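Undergrad: Got a sequence here, can you model it:
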Amino acid sequence: MTITYKEAGVDIDAGNKLVKKLKKKLPKIGGFGGLFPINGTKYNLVSSTDGVGTKLKLAFILNKHNTVGIDLVAMNVNDLICVGAKPLFFLDYFACGKLDIEQAEQVIKGIAKGCEISGSQLIGGETAEMPGFYRDGEYDLAGFSVGIIEKGKEINGTKIKAGNIVIGLPSSGPHSNGYSLIKKIFSDGELKEYSRQLFAPTRIYVKEVLAVLAKFNSDKQNIVGIAHITGGSFYDKISRILPQNVKVVIEKKSWKVPEIFKVIQTKGSVPEMDIYRTLNMGIGMVLIARSETALEIKKFFKKAKIIGCVEKGEKGVEII
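TA: Next up, the predicted model:
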């Protein structure tokens, strides 16, 4: 039996249609981070909001809650750096049916750890106790991150052109996307069996990406596009930053796909296009760079790979 993300209950196309409708009235939304100019200064604030999604179900099954806070921070700050912004501060929202203080403390410790890794400050949040709304022992999380960048230095993809090189940064696992599909494919026992690979916290790329931007984008924008590979994965997230009349061609044999992704695809008989639109397949962040500096930029990151290039053509992503 073939299983797709849509059959698992998540319709990426419906979400994209909603964003397109909203953009008609709110044209500034839809990027990895929302920009807000600070009047009278040379800076923009950049904001992001996200959650952990159904990866939380795995936390409940394992009764392990000390790393989902890292996932929460990562999903937000990794979006901010796609614009080139430095994260400043973070707020969280923790909602449950009945507050378990020890459980909540573990979650918040993870959030604090994620903030430490990303160099941002946890300055507040909200704990909502809603009896009857959540199952006993379960909760939901949302996060809100704000960063800053100098006006005119934003990375928005407008300078991407044919001949640019695509660099892939390795992920630590599925990160925090595709778990509705994963949970549809695996039994609870199998989720426990593969928990080391499936429950690894989302990698936070902030410090290394900001360091490479400081080195390669201070005078000239050598890194012209950054995409966080989350929901919609390669097809949707890379397309988001592309200008018209160029496409990105990804060579899937250019990196070694971690075994856990192969297990998911084989066990669920997931179609090739669907798996690359649902899971990160071992690549959690993509940088698009000018060809003359791409190899030097790649060497800056541990285990980074050249995974493709930009070509002339209809806007989109092709995986070969």
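
Undergrad: all contacts plus neighbour counts: C-alpha atoms, from now on.
TA: Will do.

Undergrad: For whichever strand or helix holds residue 292, which outside residues touch it?
TA: Assigned by DSSP states H and E, residue 292 belongs to helix 291-300. With contact meaning CA atoms under 8 Å, 6 or more residues apart in numbering, helix 291-300 is reached by 163-165, 167, 212, 216, 222, 304-306.

Undergrad: Please export the C-alpha coordinates of that helix as CSV.
TA: This file holds the C-alpha atoms of helix 291-300, laid out as CSV (Å, rounded to 0.1, in the frame of the first residue of the first chain):
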residue,chain,number,x,y,z
SER,A,291,29.9,29.9,-8.3
GLU,A,292,33.2,31.7,-7.7
THR,A,293,32.9,31.4,-3.9
ALA,A,294,30.7,28.3,-3.5
LEU,A,295,33.5,25.8,-2.8
GLU,A,296,35.1,28.0,-0.2
ILE,A,297,31.7,28.5,1.5
LYS,A,298,31.0,24.7,1.4
LYS,A,299,34.3,24.1,3.2
PHE,A,300,33.2,26.4,6.0
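
Undergrad: got the buried residues for it?
TA: 291, 294, 297-298 (16 or more other CA atoms under 10 Å).

Undergrad: So which elements touch the helix or strand following it?
TA: With elements assigned by DSSP H and E, the helix or strand that comes after helix 291-300 is strand 305-312. If you count contacts as 3 or more CA pairs under 8 Å, 6 or more residues apart in numbering; DSSP states H and E, strand 305-312 packs onto strand 165-170, strand 246-250.

Undergrad: Confirm that residue 122 sits in a helix.
TA: No. Going by DSSP: H, G, I helix; E, B strand; the rest coil, the assignment for residue 122 is strand, not a helix.

Undergrad: roughly how far apart are the closest residue to it other than its chain neighbours and residue 158?
TA: Spatial nearest neighbour of residue 122, excluding adjacent residues (CA to CA, 6 or more residues apart in numbering): residue 90 at 4.8 Å. From residue 90 across to residue 158, the span is 28 Å (CA to CA, to the nearest Å).

Undergrad: Among the two, which residue is more densely surrounded?
TA: Neighbour totals were compared for residue 90 and residue 158, and residue 90 leads with 26 against 12 (other CA atoms under 10 Å).

Undergrad: dump the residue contacts of that one.
TA: By CA under 8 Å, 6+ apart, the neighbours of residue 90 are 73, 115, 120-124, 143-146.

Undergrad: Confirm that it sits in a strand.
TA: Yes. If the criterion is three-state DSSP, then residue 90 is within a strand.

Undergrad: Look up which residues are beta-bridged to it.
TA: In this entry, residue 90 is beta-bridged to residue 122, residue 145, by DSSP bridges.

Undergrad: Show me what the helix or strand containing residue 56 is packed up against.
TA: According to DSSP H and E, residue 56 maps onto helix 55-62. If you count contacts as 3+ CA pairs under 8 Å, 6+ apart, helix 55-62 packs onto helix 188-193.

Undergrad: contact partners of the helix it packs on?
TA: Contacts of helix 188-193 (CA under 8 Å, 6+ apart): 58, 61-62, 183, 198.

Undergrad: Of the helices and strands packed on strand 305-312, flag the one that's most buried.
TA: Neighbour counts (mean count of other CA atoms under 10 Å) averaged over each of those peak at strand 165-170, with a mean of 25.

Undergrad: Export the helix or strand just after that strand to CSV, keeping only CA atoms.
TA: Heading C-terminal from strand 165-170, the first helix or strand you meet, by DSSP H and E, is helix 179-185. The C-alpha trace of helix 179-185 is given here as CSV (Å, rounded to 0.1, in the frame of the first residue of the first chain):
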residue,chain,number,x,y,z
TYR,A,179,5.7,13.2,11.5
SER,A,180,2.1,12.7,10.5
LEU,A,181,3.4,10.5,7.6
ILE,A,182,6.0,8.8,9.9
LYS,A,183,3.3,8.0,12.5
LYS,A,184,1.0,6.7,9.8
ILE,A,185,3.8,4.3,8.6
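
Undergrad: Return the list of helices and strands in contact with helix 179-185.
TA: Contacts defined by 3+ CA pairs under 8 Å, 6+ apart place helix 179-185 against helix 259-268.

Undergrad: same for the helix it packs on, what does it pack against?
TA: Helix 259-268 is packed against helix 179-185, with contacts defined by 3+ CA pairs under 8 Å, 6+ apart.

Undergrad: top helix in this structure by residue count?
TA: Scanning the chain for the helix with the most residues, using DSSP state H, yields helix 101-118.

Undergrad: Just say helix, strand or coil for the residue of the chain most remote from its centre.
TA: Distance from the centre of the chain peaks at residue 40, with 32.2 Å (CA atoms, centre = their mean). What three-state DSSP gives for residue 40 is coil.
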